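> Sequence first, then the predicted structure, then my questions.
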Amino acid sequence: MAAGASPAQHQDHSTGHPELDVLPEWPQETIAVLVTTDPAPHAIPVSWPVRAGDRRILISLKFDRGSLARLRERPEVALLILGGGNVALCARGTAKVIAEQMPGAEDYAAVQIDVTVIDDHRQSAFEVDKGIQRVVLDAAELHALQGRVETLRGWSDDQN
C-alpha cells in the first residue's frame, strides 16, 4: 500500500471499534510500543518495525529483553504504532521468534507478529504528523539498527 494511502476500514460490530483490513505503510524511523503480558501487561519501545505484508510485522529484540521471554510464554501481543502520515493503530496478534540470532547482530532475535486485528485509532479531530521522534546519540548504534532493519526487510521480501 502506498505511503499516505488510507487502508480500507470496517467496524467491529461486537466492540463498535473501527478496524483496518490491512496494515498501512509507515515511515522507517517509526518507534512503536510492544505490549506483552506475564499476566500483567508490559510495554516497551521498539525501533523501526518492518511492515512485512498486509498482516505481518517483523521486529528485532535484544536477546536479554524481558519482553522476548514474555512473548515466548504468552505469544499474544499488541504493537501500538503512531507514525507520520497519520498512522495510528494497534496491531494485535501472535508473536514468534523466527531467528534466535540475527546475522551480524547475534545479540538480537528476529520476531514475527502475525496480526489478527488492526485497531484503527485515527480520529477526525487530529492526525499524527510525525509520530515519536528521537535524536541519535550513538552513530554505531544507528548503523547497527539500520543493518537489522535491512535484514528484516530482506526476509520480508523473501516471504512476499
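Arrived safely, thanks for sending. Everything numeric in this text was worked out from a predicted model, so none of it was measured.

> make it CA atoms for all contacts and neighbour counts henceforth
Fine.

> List the neighbours of the biggest helix by length in the chain that are in contact with it.
What stands out as the longest helix in the chain, according to DSSP state H, is helix 139-159. With contacts defined as C-alpha atoms under 8 Å, 6 or more residues apart in numbering, helix 139-159 is touched by 47-53, 58-60, 102-105, 110, 136.

> so who does the closest residue in space to residue 30 that isn't next to it in sequence touch?
Among residues not flanking residue 30 along the chain, residue 48 sits closest, at 5.1 Å (C-alpha to C-alpha, 6 or more residues apart in numbering). For residue 48, the contacting residues are 28-32, 59, 149, by C-alpha under 8 Å, 6+ apart.

> Would you check that residue 27 makes contact with residue 83?
Yes: using C-alpha atoms under 8 Å, residue 27 is in contact with residue 83, at 6.6 Å.

> Now the residue most central in space within the chain: closest residue in space that isn't a chain neighbour?
Geometric centre of the chain, nearest residue: residue 49, 4.2 Å, by C-alpha atoms, centre = their mean. Distances taken as C-alpha to C-alpha, 6+ apart put residue 59 closest to residue 49, at 5.1 Å, once the chain neighbours are dropped.
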